[in-house]
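Colleague: 3D model of this:
(one chain, ligands or ions: 1)
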Amino acid sequence: MFSELRNRRSFLASAALTTGIACMPAIGQEKNGKQRFAIALHGGAGQSPRDDTAKAVEAALAKALDIGLDVLKKDGTSLDAVEQVIRFLEDDPLFNAGRGACFNADGKHELDASIMDGHTLGCGGVAAVTTVRHPISLARLVMEKTKHVLLTSDGAEKFADEIGPTIERVENSWFDTDRQRRALEREQAREGKQSRLGDTSSPLTTHDSPLTDSHFGTVGCVSLDTHGNLAAGTSTGGRTNKKFGRVGDSPIIGAGTYANNATCAISGTGLGEQFIRHAVGFNISARLAYLKQPLKDAVTEVLHKTLDPDDGGLIALGADGMIVMDFSTAGMARAAADSTGRREIKIGR
Ligand code: ASP
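Modeller: Okay, the predicted model is just below:
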């Protein structure tokens, strides 16, 4: 229906051009007649990292952006752009995804990821995987090769076994980094102190996060390709010191990840429990669909009026190529580019 509309607009625009009538570019086209594309990515919301880390994070975001742009400029698909960008970031120990994932309370890593195709609403996710080097690729295979949407833990590992060598496996310790071990030690010391003081409630919030020298580091990407299709994906190690089996929003379609060609593509980062509670991805999409809100307003409404201050951030991309990157934390590592030549890489405000 949407692509019919787009085709009709393209036809009308080219008809107007051939008759010499000045007109607006068709949906999906730049003024020069080229098909529009756009991409945005994030490397987690939270405190801004220290200067030396910030530089390295920005360099990694720039490379990731180029990987995605390369796919889109060659008329590749949004799904490929999203998967390749996230695979790259999963391999970078600076981010809390793949290598560099945070430790859970048992000193192990359990990784979550999901991906969604805005054209078909096909989607796939994996939660609490422990040996998969690129959880985003396994999530894509859940979407493409099963009739399910989310596989967890041992089941997801068995699925990876069935797929075979296309899905690279590693020891759980392969994800270890000193940076994340120190974060675990700090968090456990803080929780120990709280329980010694008799405060056992200790809800996991971003507000009292001890990661003052660090960004949270979840990674995500949203893309619009030259075929007019949106996609979104997110990958994370979750939260430092999380309890056994805890699953956040990143592998949950409609919470941390959502894409629908009729509305927008979203990838979130922050306090997963809040993003699940308020179905952040679907919530924003629904505001566009039902209330006809502009993307920016829908993001503001959910991020700043529904969620609590400091809960996190998100990247959003409209079907028309509009990019919104917003957060309620001190910073969010983020980058964006599109076919108009826009290019932006930032961490702080
Ligand atoms: N949203 C992720 C989770 O709760 C963490 C993050 O984005 O920092 O698992």
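
Colleague: what residues does this protein put near the ligand?
Modeller: By C-beta under 6 Å from any ligand atom, the residues of the chain that approach the ligand are 44, 216, 218, 236, 238-239, 248-250, 256, 269-270, 272. (C-beta placed from N, C-alpha, C; glycine too.)

Colleague: Return a PyMOL selection command for the buried portion of these.
Modeller: Only the buried entries of these go into this PyMOL selection, using 16 or more other C-beta atoms under 10 Å:
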select buried, resi 44+216+218+236+238+239+248+249+250+256+269+270+272
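
Colleague: pLDDT check: weakest of the residues of the chain next to the ligand?
Modeller: Minimum pLDDT across the residues of the chain next to the ligand is recorded for residue 216, with 81.

Colleague: what's the distance between it and residue 29?
Modeller: 37 Å (C-beta to C-beta, to the nearest Å).

Colleague: any idea which helix or strand carries residue 274?
Modeller: Secondary structure assigned from DSSP states H and E places residue 274 in helix 272-277.

Colleague: Extract the C-alpha trace of that helix and format it as CSV.
Modeller: The C-alpha atoms that make up helix 272-277 are tabulated as CSV, following Å, rounded to 0.1, in the frame of the first residue of the first chain:
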residue,chain,number,x,y,z
GLY,A,272,15.6,-1.9,29.7
GLU,A,273,12.9,-2.5,32.3
GLN,A,274,11.5,1.0,31.5
PHE,A,275,11.7,0.5,27.8
ILE,A,276,9.8,-2.8,28.1
ARG,A,277,7.2,-1.3,30.5
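
Colleague: pLDDT averaged over the next helix or strand after that helix - what is it?
Modeller: Remark: after helix 272-277, the chain's next helix or strand is helix 280-290, criterion DSSP H and E. Averaged over helix 280-290, pLDDT sits at 98.

Colleague: what packs against the following helix or strand past helix 280-290?
Modeller: Downstream of helix 280-290, the first helix or strand assigned by DSSP H and E is helix 295-300. Packing partners of helix 295-300 (3 or more C-beta pairs under 8 Å, 6 or more residues apart in numbering; DSSP states H and E): helix 280-290, strand 312-318, strand 323-327.

Colleague: Narrow the residues of the chain next to the ligand to those in helices?
Modeller: Those of those mapping onto helices are residue 272, per DSSP state H.

Colleague: Closest one of the residues of the chain next to the ligand to residue 78?
Modeller: Using C-beta to C-beta, residue 256 is the member of the residues of the chain next to the ligand that lies nearest residue 78, at 17.4 Å.

Colleague: my guess is the closest one contacts residue 268, does it?
Modeller: Yes: between residue 256 and residue 268 there is a contact at 4.6 Å, judged by C-beta atoms under 8 Å.

Colleague: what's the overlap in contacts for these two?
Modeller: Common neighbours of residue 256 and residue 268 (criterion: C-beta atoms under 8 Å, 6 or more residues apart in numbering): 220, 234, 249-250, 275, 280-281.

Colleague: Please identify the buried residues of the longest helix along the chain?
Modeller: With secondary structure taken from DSSP H, the chain has its longest helix at helix 51-73. Buried residues in helix 51-73, counting neighbours by 16+ other C-beta under 10 Å, are found at 53-54, 57-58, 60-61, 64-65, 67-69, 71-72.

Colleague: And the contacts of stretch 98-106?
Modeller: With C-beta under 8 Å, 6+ apart as the test, stretch 98-106 has contacts from 89-94, 96, 109-111, 133-135, 174-177, 179-181, 183-184, 188, 217, 235-244, 246.

Colleague: This completes my enquiry, with thanks.
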